[in-house]
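Peer 1: I'd like to go over a predicted model; first the sequence, then the structure.
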Amino acid sequence: MAARFSVAWPVRARLWSSPKTTSRTQCSWFSTPQWPRIFTFETNPKGVVDELIVDNRQARVQGTWSTGISAGFYGFDYRFKSRATGSGTAYLQFTPNILVAGEYEVYEWHVAAANRPIGAPHVIKFNGGTQTNTVDQQVNGAQWNLIGRFPFATGTNGYVRITDRFTEAGKSIMADAIKFTYVAPPTEFILDNPETTYSGPWTIATTAPDKYANYYQYAATVLGNSTAQATYTPNLGKSGKYNISIWYPQGTNRTSNAQILIAGNGNASVTSINQTTNGGAWRRIATETQFAAGNTGFVRLSNNTGESNRLLIADAVRFEFLEPAYLFSQPESQVAAVGSDVLFSIEARGFAPLKYQWKFNGVDVSGATGSSLVLTNINLAKGGEYSVVVTNVSGSVLSAPALLTIHTSNAAQFSSATLMGNSQIRLSLTGNAGATYKIDASTNLVNWVTMTNISSPDGLLEFIDSTSNSHRFYRATSP
């Protein structure tokens, strides 16, 4: 999510430009203790979805809400509203931009007090429906409180609304911040004996020291048709490719030709395994097998091994989901000057190993096969769109393009200083669109202190300083 920063210093001054460099502009200020001002700016969003926080300043506001700053708020402030009619037509809507579809835990933050409702309604719109949960805002303040866990689709269709539809007269509802935390799906599903369907004569046993969990079952092998079967039917949360492994306690009286049927999504195969050796651990019996979501696929052990006086062991089966590659963050568009270095990076997840291939204007970049791409000493020809393809055994995903804009100069110029009401002063600068500039201050033109970094999508910048100093110099440089 976007981050906000506030800075404050006291100033009054006259401007001058330095002839010594094209990468910075300087100004000299003679300050008085009067002229305070706070400047707030917002960074570009990162797009990382592990944890999405939507503060009330990013929420959609419907109706009349007041702003408060009692101790314990999240971010800069909170919103509050009395019950009034309690119709629910007044609300704050917190809408996340979901990049990865799936399950999310939803949390809320409020400032607790006795004049808050104990049944503050939170309307959650998720992928599949809408649900209203209530929060007791008289307790558990200044912390994240779990509202529930819900599925969300990609995009901005889901939201949480805090409405004024509560029943307690004389109370004021709080709307501060909402957090969405991604819950990664399980990557493996293990079915043990209690979850297995048995047909025919089977016997429970516990004596083998290398069994899985508490017990296993065995059946006598036969020469002809099967008379005993053990069927493992998982209820899979996602369709895709799975590796399948089996666990059994080994022994000299076991079958050397256990028959195993693997039925996936539109595919079926039969394999066999020797249970006299390599027991007491997971043993792979199938790789990259396609299964549908739900319980349509299965693994079945049968005792028609073509042997007599042997035992078929049924203990546990594991289904390991080979999660397709997906992006947890996208590469960010950047503005840079000729001769500088640029770093593009992403965070990708999925079943390892992951393979990367960066592209420039749709064409593969030779040797660019990592999660980040470094461009050094760039020139104008490097300007354009950069993207990356991430691939694993289950598929590939293409990132959104990041635009690299290159300027021949990254210098900023102070354009004005305006005395405002309340003895405040505004400093205006012009620079390159999207470029970041560092504002430094000094009392002797030798020792410089960084005040803040600022940027603007259109290159029009402003900064306000309210620190009390009798004499200061300022400069804007590229950090």
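Peer 2: Arrived safely, thanks for sending. Numbering: from 1, shown residues only.

Peer 1: In the stretch 1-150 of the chain, where is pLDDT below threshold?
Peer 2: 1-49, 84-86 (pLDDT under 70).

Peer 1: which regions of the stretch 301-450 of the chain lie under the pLDDT threshold?
Peer 2: 409-410, 419-425.

Peer 1: Please repeat the previous calculation with a cut-off of 90.
Peer 2: Along the stretch 301-450 of the chain, segments meeting pLDDT under 90 span 326, 328-329, 335-339, 349, 405-450.

Peer 1: Do a quick rundown of the helices in it.
Peer 2: Taking DSSP state H, counting those that start in this stretch as the criterion, the stretch 301-450 of the chain contains no helices.

Peer 1: Kindly tell me how buried the residue lying closest to residue 340 once chain neighbours are set aside is, as a neighbour count.
Peer 2: Nearest residue to residue 340, sequence neighbours excluded (Cβ to Cβ, 6 or more residues apart in numbering): residue 378, at 6.2 Å. Bear in mind the C-beta positions are built from the backbone N, C-alpha and C, glycine included. Residue 378: 17 surrounding residues under other Cβ atoms under 10 Å.

Peer 1: Next, the contact list for residue 378, please.
Peer 2: 336, 338, 339, 340, 341, 342, 404, 406 (Cβ atoms under 8 Å, 6 or more residues apart in numbering).

Peer 1: Is it possible to mark the buried ones in those residues?
Peer 2: In these, burial by neighbour count holds for 336, 340, 342, 404, 406, counting by 16 or more other Cβ atoms under 10 Å.

Peer 1: follow-up on the earlier one: quick check: the gap between the residue nearest to residue 340 and residue 60.
Peer 2: Note on residue 378: its distance to residue 60, by Cβ to Cβ, to the nearest Å, is 40 Å.

Peer 1: Walk me through which strands the helix or strand hosting residue 81 pairs with, and which way each runs.
Peer 2: Element membership of residue 81 [criterion: DSSP states H and E] is strand 78-82. With DSSP bridges as the test, strand 78-82 is paired with strand 66-68 (antiparallel), strand 172-175 (antiparallel).

Peer 1: how about those strands in CSV, adding mean neighbour count and distance to residue 298?
Peer 2: Formatted as CSV, the strands paired with strand 78-82 follow (neighbours: other Cβ atoms under 10 Å; distance: least, Cβ to Cβ, whole Å):
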stretch, mean neighbour count, distance to residue 298
strand 66-68, 12, 58
strand 172-175, 26, 49
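
Peer 1: of all those, which lies closest to residue 432?
Peer 2: With Cβ to Cβ as the criterion, residue 432 lies closest to strand 66-68 of the strands paired with strand 78-82, at 34.4 Å.

Peer 1: and stretch 151-168, C-alpha only, in PDB?
Peer 2: Provided in PDB are the C-alpha atoms of stretch 151-168 (Å, rounded to 0.1, in the frame of the first residue of the first chain):
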ATOM      1  CA  PRO A 151     -12.300 -15.600  -0.400                       C
ATOM      2  CA  PHE A 152     -11.500 -12.600  -2.700                       C
ATOM      3  CA  ALA A 153     -11.100 -12.500  -6.400                       C
ATOM      4  CA  THR A 154      -8.400 -10.400  -8.200                       C
ATOM      5  CA  GLY A 155      -9.200  -6.700  -8.600                       C
ATOM      6  CA  THR A 156     -11.300  -4.300  -6.700                       C
ATOM      7  CA  ASN A 157     -14.600  -6.000  -6.500                       C
ATOM      8  CA  GLY A 158     -14.300  -6.900  -2.800                       C
ATOM      9  CA  TYR A 159     -14.500  -4.400   0.100                       C
ATOM     10  CA  VAL A 160     -15.300  -3.800   3.800                       C
ATOM     11  CA  ARG A 161     -17.900  -1.200   4.700                       C
ATOM     12  CA  ILE A 162     -18.200   0.300   8.200                       C
ATOM     13  CA  THR A 163     -21.700   1.700   8.300                       C
ATOM     14  CA  ASP A 164     -23.700   3.800  10.800                       C
ATOM     15  CA  ARG A 165     -26.400   1.100  11.000                       C
ATOM     16  CA  PHE A 166     -26.000   0.300  14.700                       C
ATOM     17  CA  THR A 167     -28.700   0.300  17.300                       C
ATOM     18  CA  GLU A 168     -27.100   2.000  20.300                       C
END
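
Peer 1: in it, what's buried?
Peer 2: For stretch 151-168, by 16+ other Cβ under 10 Å, it's 152, 158, 159, 160, 161, 162, 163, 164, 165, 166.

Peer 1: Now do the contacts for the residue nearest to residue 342 when sequence neighbours are not counted.
Peer 2: Of all residues not flanking residue 342 in the chain, residue 375 sits nearest, at 4.4 Å (Cβ to Cβ, 6+ apart). Neighbour list for residue 375: 341, 342, 343, 344, 382, 404 [criterion: Cβ under 8 Å, 6+ apart].

Peer 1: Next, format these as a markdown table and append distance to residue 319.
Peer 2: Formatted as a markdown table, the contacts of residue 375 follow (distance: Cβ to Cβ, whole Å):
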| residue | distance to residue 319 |
| --- | --- |
| 341 | 46 |
| 342 | 43 |
| 343 | 39 |
| 344 | 36 |
| 382 | 46 |
| 404 | 43 |
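
Peer 1: Quickly check those for the two that are furthest apart.
Peer 2: Using Cβ to Cβ, the pair of the contacts of residue 375 lying farthest apart is 343 and 382, separated by 12.9 Å.

Peer 1: So which bits of stretch 59-79 are buried?
Peer 2: For stretch 59-79, by 16+ other Cβ under 10 Å, it's 59, 65, 73, 74, 77, 78, 79.

Peer 1: Isn't the second one up against residue 81?
Peer 2: Put plainly, it is residue 65. Yes - with contact defined as Cβ atoms under 8 Å, residue 65 counts as touching residue 81 (4.9 Å).

Peer 1: Mutual contacts of those two, please.
Peer 2: In contact with both residue 65 and residue 81: 90, 175, using Cβ under 8 Å, 6+ apart.

Peer 1: Next one: residue 236 from residue 321, what distance?
Peer 2: For residue 236, the distance to residue 321 - Cβ to Cβ - is 8 Å.

Peer 1: Now for these two: what residues contact both?
Peer 2: 189, 242.
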